[in-house]
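Undergrad: model the following, please.
(one chain, ligands or ions: 2)
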Amino acid sequence: MSALYSVLIADPIHESGRNILDSDARIRADVETGLDEGALVARIGDYDALIVRSKTKVTRPVIEAASRLRAVGRAGIGVDNIDIPSATERGIVVFNTPDANATTTAELSIAHLMSLSRNLPQADRAVRGGEWKPARYSGVELSGKTIGVIGFGTIGRLVAERCAALKMRVLAYDPFVAPEIMSGHGAEAANLETLLASADYVTLHCPLSDKTHHLLDARRLASMKPGARIVNCARGGLIDEVALLDALRNGHLAGAALDVYEAEPPTGSALLTLDNVVFTPHLGASTEEAQQAVSLRIAEDMIKFLTTGAAETAVNLPRVTADQLTQTGPYQGLAYALGRLVGALCEGPISRLDVHLFGRVAELDSRPITAEALVGLLSQRMTGRVNRVNAGHLAREQGIEVTESRTEEARDFVSLVEISAQCCGQTTTVAGTLLGGSHARLVRIDGYDVEAVPKGNFLFTRHQDQPGVVGALGSILGRENINISRMQVGVGYDSDTAIALISISASLSAAAMDEIRSLPPIEQAVGFAL
Ligand SMILES: NC(=O)c1ccc[n+]([C@@H]2O[C@H](COP(=O)([O-])OP(=O)(O)OC[C@H]3O[C@@H](n4cnc5c(N)ncnc54)[C@H](O)[C@@H]3O)[C@@H](O)[C@H]2O)c1
Ligand SMILES: O=C(O)[C@H](O)COP(=O)(O)O
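TA: Ligands and ions are numbered 1, 2, ... in the order given. The predicted model follows:
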């Protein structure tokens, strides 16, 4: 059997993950490391998926050349080397391995904290050089000191717990984490100003983004407690290195321990000339345990994504577990078909899409259901890739406002998914349910009850309720050699307009559709596929 999916591994990963990919007959995994942007642009068009660590830069030109790419898997945590907005626009899922190397990185931060306080690298170099001057390398105790943890996510919490165990007072700053969570991990919540002014040590554990670039700039470094020390095992760009150099040279800061740099490697950086700085070469994730865990996780998650579409750790999709996917999956299929239907029935720009869940379905996570309704709507109207990753972006580009609501009380069916679209001042509403928990049925179009399997080709008409319409439609279809497998006719309760929803064996030609539209009783006629 030839492989169904091709995966490019562009940075070195532990052999355990490669073995998993190699032993799956559905996957062809190629390892090509050290590719620069041009080389990656030239190669990426052949692949369904890309696996990277931090070295390979997945830039907009790479994403634009990636005609087949469905996923970028980051074997690690930080995704600042991947252009997420570009990937999202193109419907490419980006996921990482959020926990696999966290303990290892937290341990490096503690190691740096200790070597910085006790001058271990400097003392090691001195002893090797034959020097024996213990007084020269005298350090400071951690116990009783205050450490400020900036970024209280997975790693920040692990570091805080370890520092608390070392009898340090731990302050934490993270605008997105509640104080109770911080206290649960041995830390006191503080604002950034207080943290910087009172901490003897500051350790960074937030992601690098446009918002956190140079989080520690000259002004904030100057506001730190005199004689404080900094540990950075997160990302180089979080600190302005020129300002850091100044603060270390002028003695305002006593030292720094750096694993990460604004440019890696930091060749030629003046920081390398300072004796009060400890350096490691982006070693945060580099233990046998972490590398094995990261590699296994990315390989397993990539196979799961390619074969089932599940991406629990996606950074550009709402996080959905495999269990949730099993529950919402059938409703997602229904919502997709309803979205396509409403997209076909509305013959103009749509300004708003409302997804309303009634009954049991209202107890589920509505986000993937709403997202699929939007994918269905957009896929009816656009060529090119539309999926849950880029649907929100494409909707915003088209000026479509999306809302979702739920009512746990059942309405006519145990579960009902209802989708309304506003188009040219009119509202079109369609609804569907699942029979036996998995068989999608279309049950309502505007006020008309119908019962149709939402699959295949359809002709929909809205027409004056008068004799002869169905016969006229049937004769045009017959002449076109198109078979009718099922026909629903609905009559309005308080109007003289009726609808017909006809399942047909093939799509109708433009000429046949024009002929149908020219029949005097016809007000609207649409041919579409669900
Ligand atoms: N040196 C290494 O080899 C290495 C290894 C792993 C991770 N990392 C880096 O460490 C970072 C943190 O990893 P994690 O697993 O803890 O990530 P995480 O996503 O679990 O936690 C990041 C935390 O930062 C917080 N945050 C966001 N913006 C902030 C801001 N402006 N100020 C303060 N806090 C802010 C978030 O709310 C979140 O709680 C990663 O983004 C990665 O860049 C480095
Ligand atoms: O964000 C991470 O996971 C670390 O920076 C590790 O990066 P690496 O995989 O390139 O060692």
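Undergrad: what residues does the protein have near ligand 1?
TA: 77-78, 98, 101-102, 105, 150-156, 173-177, 205-208, 211-212, 233-235, 259-260, 282, 284-285 (CB under 6 Å from any ligand atom). From N, CA and C alone the C-beta is placed, and that goes for glycine too.
Undergrad: now do the phi/psi pair for the residue nearest to Y336 when sequence neighbours are not counted.
TA: Spatial nearest neighbour of Y336, chain neighbours left out: G376 (4.0 Å); criterion: CB to CB, 6 or more residues apart in numbering. Main-chain torsions, G376, degrees, to the nearest 10: phi -60, psi -50.
Undergrad: isn't G376 right up against G333?
TA: No. With contact defined as CB atoms under 8 Å, G376 does not count as touching G333 (9.5 Å).
Undergrad: just want to know which of those two has more residues nearby.
TA: Under the criterion of other CB atoms under 10 Å, the comparison of G376 against G333 puts G376 first, with 27 against 19.
Undergrad: what sits against the more buried one?
TA: Going by CB atoms under 8 Å, 6 or more residues apart in numbering, G376 touches 335-341, 343.
Undergrad: out of the residues you listed, list just those in helices.
TA: Among these, DSSP state H puts 335-341, 343 in helices.
Undergrad: if we can go back for a sec, any chance of the contacts of G376 in CSV, plus pLDDT and neighbour count?
TA: CSV is the format used below for the contacts of G376 (pLDDT from 0 to 100; neighbours: other CB atoms under 10 Å):
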residue, pLDDT, neighbour count
A335, 97, 29
Y336, 96, 22
A337, 96, 25
L338, 97, 27
G339, 97, 29
R340, 95, 23
L341, 96, 28
G343, 95, 25
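Undergrad: want to throw those residues into JSON lines with distance to R385?
TA: Formatted as JSON lines, the contacts of G376 follow (distance: CB to CB, whole Å):
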{"residue": "A335", "distance to R385": "19"}
{"residue": "Y336", "distance to R385": "15"}
{"residue": "A337", "distance to R385": "19"}
{"residue": "L338", "distance to R385": "21"}
{"residue": "G339", "distance to R385": "16"}
{"residue": "R340", "distance to R385": "16"}
{"residue": "L341", "distance to R385": "21"}
{"residue": "G343", "distance to R385": "16"}
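Undergrad: ligand 1: which of those is nearest?
TA: Closest approach between the contacts of G376 and ligand 1, by CB to the nearest ligand atom: A335, at 30.1 Å.
Undergrad: can I assume the closest one is in contact with A373?
TA: Yes. When contacts are counted by CB under 8 Å, A335 is listed as touching A373 (4.0 Å).
Undergrad: mutual contacts of these two, please.
TA: 355, 417, 419.
Undergrad: tally of neighbours for the residue in the chain that ligand 2 sits nearest to?
TA: Closest residue of the chain to ligand 2, CB to the nearest ligand atom: G76 (2.7 Å). Close neighbours of G76, defined as other CB under 10 Å, add up to 26.
Undergrad: residues contacting it?
TA: Contacts of G76 by CB under 8 Å, 6+ apart are 53-54, 96-97, 100-101, 285, 294.
Undergrad: repeat the analysis, applying 7 Å as the threshold.
TA: Residues in contact with G76 (CB atoms under 7 Å, 6 or more residues apart in numbering) are 53-54, 96-97, 101, 285, 294.
Undergrad: how far away is it from E32?
TA: From G76 across to E32, the span is 18 Å (CB to CB, to the nearest Å).
Undergrad: same check, this time on P98
TA: From P98 across to E32, the span is 26 Å (CB to CB).
Undergrad: neighbour-wise, which of the two wins?
TA: Higher neighbour count among P98 and E32: P98, with 18 against 13, using other CB under 10 Å.
Undergrad: V79 is in contact with the more buried one, correct?
TA: No. Under the criterion of CB atoms under 7 Å, P98 makes no contact with V79, lying 10.1 Å away.
Undergrad: how about whichever residue of the stretch 101-250 of the chain sits closest to ligand 1: what's its closest non-neighbour residue?
TA: The stretch 101-250 of the chain approaches ligand 1 most closely through G153 (1.7 Å), counting by CB to the nearest ligand atom. For G153, ignoring the flanking residues on the chain, the nearest one in space by CB to CB, 6+ apart is H205 at 6.5 Å.
Undergrad: near ligand 2, which residues of the stretch 51-200 of the chain show up?
TA: 53-55, 76-78, 101.
Undergrad: now list the buried members of the residues you listed.
TA: With burial judged by 16 or more other CB atoms under 10 Å, the buried subset of these is 53-54, 76-78, 101.
Undergrad: re the thing from before, residue contacts, the residue nearest to G153?
TA: Here H205 is in contact with 149-151, 153, 155-156, 159, 234 (criterion: CB under 7 Å, 6+ apart).
Undergrad: same thing with L158?
TA: Here L158 is in contact with 102-103, 106 (CB under 7 Å, 6+ apart).
Undergrad: tell me how this structure divides into domains.
TA: 5-99+289-308, 102-279, 320-455, 457-530 (automatic domain parsing).
Undergrad: quick one: distance of the second one to the chain centre.
TA: Looking back up the chat, that one is domain 102-279. When C-alpha coordinates are averaged (CA atoms, centre = their mean, to the nearest Å), domain 102-279 and its chain have centres 30 Å apart.
Undergrad: same question for the first one.
TA: On the basis of CA atoms, centre = their mean, domain 5-99+289-308 sits 14 Å off its chain's mean C-alpha point.
Undergrad: how many residues are close by A87?
TA: 25.
Undergrad: now it, nearest residue through space, not along the chain?
TA: Among residues not flanking A87 along the chain, V94 sits closest, at 5.1 Å (CB to CB, 6+ apart).
Undergrad: what's the average pLDDT for the host helix or strand of that neighbour?
TA: V94 is part of strand 93-95, with elements assigned from DSSP states H and E. Mean pLDDT, strand 93-95: 95.
Undergrad: give the buried residues for that strand.
TA: 93-95.
Undergrad: which one of the residues of the stretch 51-200 of the chain next to ligand 2 is nearest A111?
TA: Within those, the smallest distance to A111 is 14.6 Å, found for N101 (CB to CB).
Undergrad: ok so, going back, just send the contacts of G76 back as TSV, with distance to G251 and secondary structure too.
TA: Listed next are those as TSV, based on distance: CB to CB, whole Å; DSSP: H, G, I helix; E, B strand; the rest coil:
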residue	distance to G251	secondary structure
R53	37	coil
S54	33	coil
N96	39	coil
T97	41	coil
N101	35	coil
A285	33	coil
V294	40	helix
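Undergrad: nearest residue to the closest residue to ligand 1 within the stretch 301-450 of the chain in space, please, no chain neighbours.
TA: Taking CB to the nearest ligand atom, ligand 1 has its nearest neighbour within the stretch 301-450 of the chain at V315, 9.3 Å off. Nearest residue to V315 in three dimensions, chain neighbours excluded: V94, at 5.2 Å (CB to CB, 6+ apart).
Undergrad: sweet, I'm off.
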